[in-house]
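Undergrad: Got a sequence here, can you build the structure:
(2 chains)
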2 protein chains.
Amino acid sequence: MFKNNYSSKLLEDAVESLSTLPGIGRKSALRLALNFLKEDEANVERFAESIVKFRKEIKYCPICNMITDDGTCPVCDDEKRDSSIVCVVESQRDVLSIENTGEYNGLYHVLGGIISPIDGIGPSDLTIDKLVERVANGGINEIVMALSTSMEGETTAFYLYRKLAQYDVKISTIARGVGFGDDLEYTDELTLGKSIVNRQPFAI
Amino acid sequence: MFKNNYSSKLLEDAVESLSTLPGIGRKSALRLALNFLKEDEANVERFAESIVKFRKEIKYCPICNMITDDGTCPVCDDEKRDSSIVCVVESQRDVLSIENTGEYNGLYHVLGGIISPIDGIGPSDLTIDKLVERVANGGINEIVMALSTSMEGETTAFYLYRKLAQYDVKISTIARGVGFGDDLEYTDELTLGKSIVNRQPFAI
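TA: Below you'll find the model as predicted:
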């Protein structure tokens, strides 16, 4: 057998690097590494460059903390969006998910995480002060919280609620209920219960 | 919605690059890209470098075509291995898989693919001539074919068989049968049939 199971130190290093990616184990990493051998050297260089460039040059929107190439982000820049509503999310990925639905026309505020004492993340590590400042500056009528229902998400929502209660702003949260296509049978009791309590007028 | 669903051209380029990886769709690519933002810039650079370095500096063993850092590969170099047996495989990955079993002590020959007219891969695109040369040079008593049982694998095996028949060398193929832990019920008829025809003396 090879030392460390590989015939080459270069291969070993590449597998080592690739297996640091989330969701990529050593088997997948090996597959990815060997796949690079089939590609032109120039393609592999371009691949590596695009990642380094992305990491180095990416900026964060000074208003909402979304990632952007330069200056404020396309959402904050867009005058057709309703700047009186701000949706608070944990990560930049959540913004992309909500944008993909095409159902939201307000602005965002990316917290950059949620309050999690166990991971050493407190309110000051997030962009909470910036959000409070945005609300204090006026012009915002509603804050929509789109945080996870985990303990940490609930804690964060409650913390924000307390911080924002002094301002004249409506605070709402995204609807919880049975997902489209989900079987009632397999829906957890809390979700199903909430979906009955918060039932909506029937609409065709 | 964002143009192309992303708020940033840099993000879009990174996702584009990452989704060229085998088995990585656009959703996973986005996840990987955003994950790089959590890493130090230096770590991301090291990651990219290890891949480019691997692609640029990797060599192929002049004897067996296995990947290696320099010169002949560790298997061909190892004097404790039985150089009278050569196992023929399609790819470098197959060598790693067989080495991991710890059950094989001979040498290898990596074809670099299999004969596949539909993909435009003919015998001359593979290292078949080199294998024939190795056999012609003498010292090899047995060739073990470890190719896939696909049409292309069978074609390649048959082609090799014809090329090698003129030499005084035993040609064998890896055992086919019901895998350990597999249910007979779910084993295909061809495999189950072969496993009965090629039954082995019972051993405790």
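
Undergrad: Could you use CA atoms for every contact and neighbour count after this?
TA: OK.

Undergrad: where along chain A do the strands fall?
TA: Secondary structure of chain A by DSSP state E: the strands cover A:59-60, A:67-68, A:82-89, A:106-110, A:142-145, A:170-173.

Undergrad: Name the surrounding residues that touch the last one.
TA: Residues from elsewhere that reach strand A:170-173 (Cα atoms under 8 Å, 6 or more residues apart in numbering or on different chains): A:141, A:142, A:143, A:144, A:145, A:146, A:161.

Undergrad: Same check on the fourth one?
TA: Contacts with strand A:106-110, where a contact means Cα under 8 Å, 6+ apart, come from A:63-66, A:75-76, A:81-92, A:95, A:127, A:131.

Undergrad: Which helix runs longest in chain A?
TA: In chain A, with assignment by DSSP state H, the single longest helix is helix A:41-57.

Undergrad: which intervals of chain A have sub-threshold pLDDT?
TA: The model of chain A has pLDDT under 70 over residues A:1-5.

Undergrad: Identify the residue nearest the geometric centre of it.
TA: Nearest residue to the geometric centre of chain A (Cα atoms, centre = their mean): residue A:91, 2.6 Å.

Undergrad: In this structure that residue contacts residue A:98, no?
TA: No. In this structure residue A:91 lies outside contact range of residue A:98 using Cα atoms under 8 Å: 11.3 Å.

Undergrad: Residues that sit against both of the two, list them.
TA: Shared contacts of residue A:91 and residue A:98 (Cα under 8 Å, 6+ apart): none.

Undergrad: list the contacts for residue A:152?
TA: When the contact criterion is Cα under 8 Å, 6+ apart, the partners of residue A:152 are A:114, A:115, A:116.

Undergrad: make that residue A:98, sorry
TA: residue A:104.

Undergrad: could you redo the last one with a cut-off of 10 Å?
TA: A:87, A:89, A:104, A:105, A:108, A:146, B:1 (Cα atoms under 10 Å, 6 or more residues apart in numbering or on different chains).

Undergrad: thinking again about what came up before, what comes up buried for the longest helix of chain A?
TA: Residues A:44, A:45, A:47, A:48, A:49, A:50, A:51, A:52, A:53, A:54, A:55, A:56 are the ones in helix A:41-57 that count as buried (16 or more other Cα atoms under 10 Å in any protein chain shown).

Undergrad: Could you count how many residues lie near residue A:192?
TA: Residues within reach of residue A:192, counting by other Cα atoms under 10 Å in any protein chain shown, total 18.

Undergrad: Turn the strands of chain A into a markdown table, columns for mean neighbour count.
TA: Below are the strands of chain A laid out as a markdown table (neighbours: other Cα atoms under 10 Å in any protein chain shown):
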| stretch | mean neighbour count |
| --- | --- |
| strand A:59-60 | 18 |
| strand A:67-68 | 24 |
| strand A:82-89 | 20 |
| strand A:106-110 | 24 |
| strand A:142-145 | 21 |
| strand A:170-173 | 14 |
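
Undergrad: need those in CSV with distance to residue A:23, can you?
TA: Shown next, in CSV, are the strands of chain A (distance: least, Cα to Cα, whole Å):
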stretch, distance to residue A:23
strand A:59-60, 26
strand A:67-68, 23
strand A:82-89, 23
strand A:106-110, 24
strand A:142-145, 28
strand A:170-173, 30
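
Undergrad: just so I know, which of those lies nearest residue B:9?
TA: Minimum separation from residue B:9 across the strands of chain A (Cα to Cα) falls at strand A:67-68, 8.1 Å.

Undergrad: by contact count, what packs against the closest one?
TA: Packing partners of strand A:67-68 (3 or more Cα pairs under 10 Å, 6 or more residues apart in numbering or on different chains; DSSP states H and E): strand A:59-60, helix A:74-77, helix A:92-101, helix B:9-18.
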